[in-house]
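S.K.: can't give you the sequence, but here's the structure:
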């Protein structure tokens, strides 16, 4: 396999899902990629899937080394790479940053060429078999420089994330670890609690399992070895979150125990608010939409004509809800559209004779 | 709208997501459907979406009434239907069965024509706008007769579920309620705990949110009014499950606090087991697959040729994993296929010169 290209070559150490997917994404952008894995067969399979070459790289040729190994192995792999490839920037894709950085500081290595990173992508599967060049597209990729990181090395890692299609976000190491405790490690443990509870549920009950249960527990199917290391590495931050959830659980139990109390509704409403804080699927911030409220006429086919009109106007309706006036016994359709499209659509709907609320 | 057909007509009371979807599914099978909702506009919208007619039905014509209203309104709607439509079977689609049945017994009504039911389908959305004729396809539909239910009425409800494409399962009322506490109400509350915790998380942290967080919290976006009623109606069963989870949470905290302890790994491994107990997406039981283990040759393009061979054999590979022999430094692909297809595939792979493990 010839990897000739003008871009400096990248060595990916660890051909699991994330490592092999980085390889595939960089290869798709014609970056020369070399692969290495303690299990040769993983590197061979990743290479076969287009993630790079298993040949030995020329150390001078390497511009970047990506350590995509389990958390426990990171300090050694990063330290070795800094020594073996004296011209290369070294990064890693570990889920927790402070412990690794601490171990590297303690070793006395010059860390100017090391910049940690963490792509917010993965799956409950592991190993190169499910690698995909588009795994990182539109995902956030946290980049966590330390006080000695060279500007050029930060730029090299940012550039790799961008080449993979991700959105790089520069973060402080400790801020990163606290954030992942809240938005990744805690939800993982909630899924684990639910899924391990399922081991004690009678089989017949599981006939009633729906998509909700599948969604809540999906991430709990992930590799226990890997997650033990991640959780251990971030234990104090995770314990703080668990403590807070334990408090909420106690309140929830109390609310459910007392039949008259309004707290149960408050808990549920609070949770709806929480789900609305999560950014959109591809890391896009939530947009505020403008509502256009149209009276629903009691005439067959009217709704179909309204939807056709909206479609013809080329407007993308983000949400539709029905509002009902209990006194007048009439209903309204609330169409949520982007603020920019609202005025024209409102006019088009009115022009066709519909009653639009001011 | 003419609803002439030989099938007895169905009245759906409550044109929300579930009611309107039942209407759409039955109309797709040419069953005459009438719709009613306390909010006329919901019935009008559902009718516009093909869920039935808002005309007043001839009481003699009705074979079945489906109460698809919020839990709190069920006893009254069911009781009224039994009185108003003396020839019709009456069912409901409520998530909790015992309380409703108890209230009906207490009222002294003759309940021979009442058979409760509960389709295991829905979404975090409510209202008729997201109604779909295929909402129930391949989903379990619990049917919960009581000791006075007439055989003909049970058959009528089973037939409706089947017409909607669901898999009817006859269950005892109390067994049903205990089961949904475990596989639906508890996971809902785990999602609620996680989602309400998100209200206290800094916005910047949410940039790191991935698909895992979205999945764990999705159901917590559901209507708080409806869920308050569901949880209240099943409070004692739900409290028993919450108590058990609280115990697990305490153990998990302890495992994470003591760095040397093997219990954290045990928790995580236990959870993986739990996820494997959930039946497949469409209620199909999990099948045991046969593994064919093939040595991975260290030759470019070999994997592609192997996959082509498997494809040509018309075999559906359910899972692929890589096994590695650390001593011999060779790897194996383990292909999971259905037991029936395994012998022929094994022979085809061997014939092409691959090394297949016995």
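M.R.: In hand now; what should we look at? The shown structure was predicted, so the numbers you read here are calculated from the model rather than taken from an experiment.

S.K.: low-confidence ranges in the stretch 251-358 of chain A?
M.R.: A:281-287, A:298-300, A:326, A:329 (pLDDT under 70).

S.K.: Minimum distance to chain B, which residue of it gives it?
M.R.: Relative to chain B, the nearest point of the stretch 251-358 of chain A is residue A:331 (1.8 Å; Cβ to the nearest Cβ). (C-beta placed from N, C-alpha, C; glycine too.)

S.K.: what about residue A:142, which helix or strand?
M.R.: strand A:140-144 (DSSP states H and E).

S.K.: which other helices and strands contact that strand?
M.R.: Packed against strand A:140-144 by the contact rule (3 or more Cβ pairs under 8 Å, 6 or more residues apart in numbering or on different chains; DSSP states H and E) you find strand A:116-119, helix A:151-163, strand A:167-170, helix A:173-180.

S.K.: Please list the outside residues in contact with the first one.
M.R.: Residues external to strand A:116-119 that are found in contact with it (Cβ atoms under 8 Å, 6 or more residues apart in numbering or on different chains): A:18, A:22, A:91-95, A:97, A:100-101, A:135-136, A:139-146, A:157, A:161, A:164, A:166, A:173, A:176, A:180.

S.K.: So which residues of the stretch 51-200 of chain A form helices?
M.R.: Assigned by DSSP state H, counting those that start in this stretch, the stretch 51-200 of chain A shows helices spanning A:74-84, A:98-107, A:151-163, A:173-180, A:186-198.

S.K.: Spit out the contact partners of residue A:74.
M.R.: A:67, A:92, A:94, A:100.

S.K.: measure the second one to chain B for me?
M.R.: Looking back up the chat, that one is residue A:92. Applying Cβ to the nearest Cβ, to the nearest Å, the value for residue A:92 to chain B is 16 Å.

S.K.: How about the last one?
M.R.: From residue A:100 over to chain B the distance is 17 Å, taken as Cβ to the nearest Cβ.

S.K.: Deepest-packed of the helices of the stretch 51-200 of chain A, please.
M.R.: Of the helices of the stretch 51-200 of chain A, the one with the most neighbours on average (mean count of other Cβ atoms under 10 Å in any protein chain shown) is helix A:186-198, at a mean of 27.

S.K.: how much distance is there from that helix to the middle of the chain?
M.R.: 18 Å (Cα atoms, centre = their mean, to the nearest Å).

S.K.: check whether it contacts chain B.
M.R.: Yes. Looking at helix A:186-198 against chain B by Cβ under 8 Å from any Cβ of the partner chain, the contacts come from A:186-198.

S.K.: avg pLDDT for that helix?
M.R.: Averaged across helix A:186-198, the pLDDT comes to 98.

S.K.: Show me which residues of the helix or strand following it are buried.
M.R.: Note on helix A:186-198: by DSSP H and E, the next helix or strand toward the C-terminus is helix A:211-217. Under the neighbour-count criterion of 16 or more other Cβ atoms under 10 Å in any protein chain shown, helix A:211-217 has A:211, A:212, A:213, A:214, A:215, A:216, A:217 buried.

S.K.: how about the residues of the stretch 1-150 of chain A near chain B?
M.R.: Counting by Cβ under 8 Å from any Cβ, the residues of the stretch 1-150 of chain A near chain B are A:1, A:39-42, A:44-45, A:47-49, A:120-122, A:127-129, A:139-140, A:142.

S.K.: Filter these down to the buried ones and hand me the PyMOL line.
M.R.: Burial among the residues of the stretch 1-150 of chain A next to chain B is assessed by 16+ other Cβ under 10 Å; the matching PyMOL selection reads:
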select buried, chain A and resi 39+40+41+42+44+45+47+48+49+120+121+122+127+128+129+139+140+142
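
S.K.: Just the residues of the stretch 1-150 of chain A next to chain B: which are in strands?
M.R.: Counting by DSSP state E, these place A:140, A:142 in strands.

S.K.: Go through the residues of helix A:186-198 next to chain B and name the one nearest residue B:310.
M.R.: Nearest to residue B:310, judged by Cβ to Cβ, of these is residue A:195 at 31.6 Å.

S.K.: I'd like to know how far the closest one sits from residue B:257.
M.R.: 21 Å (Cβ to Cβ, to the nearest Å).

S.K.: on that earlier part again, identify all contacting residues around the strand holding residue A:142.
M.R.: Residues contacting strand A:140-144 (Cβ under 8 Å, 6+ apart): A:97, A:115-120, A:154, A:157-158, A:161, A:164, A:166-173, A:176, A:283, B:207-208.

S.K.: Any idea what residue A:53 is bridged to?
M.R.: residue A:34 (DSSP bridges).

S.K.: Report the contact partners of the residue minimising distance to the centre of chain A.
M.R.: A centroid search over chain A (Cα atoms, centre = their mean) returns residue A:120, at 4.1 Å, as the residue closest to the centre. Listed by Cβ under 8 Å, 6+ apart, the contact partners of residue A:120 are A:139, A:140, A:141, A:142, A:184, A:283, B:208, B:209, B:210.

S.K.: could I get these as CSV with distance to residue B:244?
M.R.: Converted to CSV, the contacts of residue A:120 look like this (distance: Cβ to Cβ, whole Å):
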residue, distance to residue B:244
A:139, 36
A:140, 36
A:141, 39
A:142, 36
A:184, 25
A:283, 36
B:208, 31
B:209, 29
B:210, 29
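
S.K.: so which of these comes closest to residue B:308?
M.R.: residue A:139 (31.6 Å).

S.K.: Isn't that closest one up against residue B:210?
M.R.: Yes. The pair residue A:139 / residue B:210 is scored as a contact, 7.1 Å apart, by Cβ atoms under 8 Å.

S.K.: got any residues that touch both of the two?
M.R.: Joint contacts of residue A:139 and residue B:210 (Cβ under 8 Å, 6+ apart) are A:120, A:121.

S.K.: picking that back up, of all the helices and strands packed on strand A:140-144, which lies closest to residue A:236?
M.R.: Nearest of these (Cβ to Cβ): helix A:173-180, 9.3 Å.

S.K.: sorry, back to before: okay if I get the helices and strands packed on strand A:140-144 as a markdown table plus distance to residue B:225 and mean pLDDT?
M.R.: Listed next are the helices and strands packed on strand A:140-144 as a markdown table, based on distance: least, Cβ to Cβ, whole Å; pLDDT from 0 to 100:
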| stretch | distance to residue B:225 | mean pLDDT |
| --- | --- | --- |
| strand A:116-119 | 39 | 97 |
| helix A:151-163 | 43 | 98 |
| strand A:167-170 | 37 | 96 |
| helix A:173-180 | 33 | 97 |
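
S.K.: For residue A:345, which of these is the nearest?
M.R.: strand A:167-170 (30.4 Å).

S.K.: close to chain B, is the closest one?
M.R.: Yes. Strand A:167-170 lies within reach of chain B by Cβ under 8 Å from any Cβ, at residue A:169.

S.K.: Okay, buried residues for that strand please.
M.R.: Quick answer for strand A:167-170 (16+ other Cβ under 10 Å): A:167, A:168, A:169.
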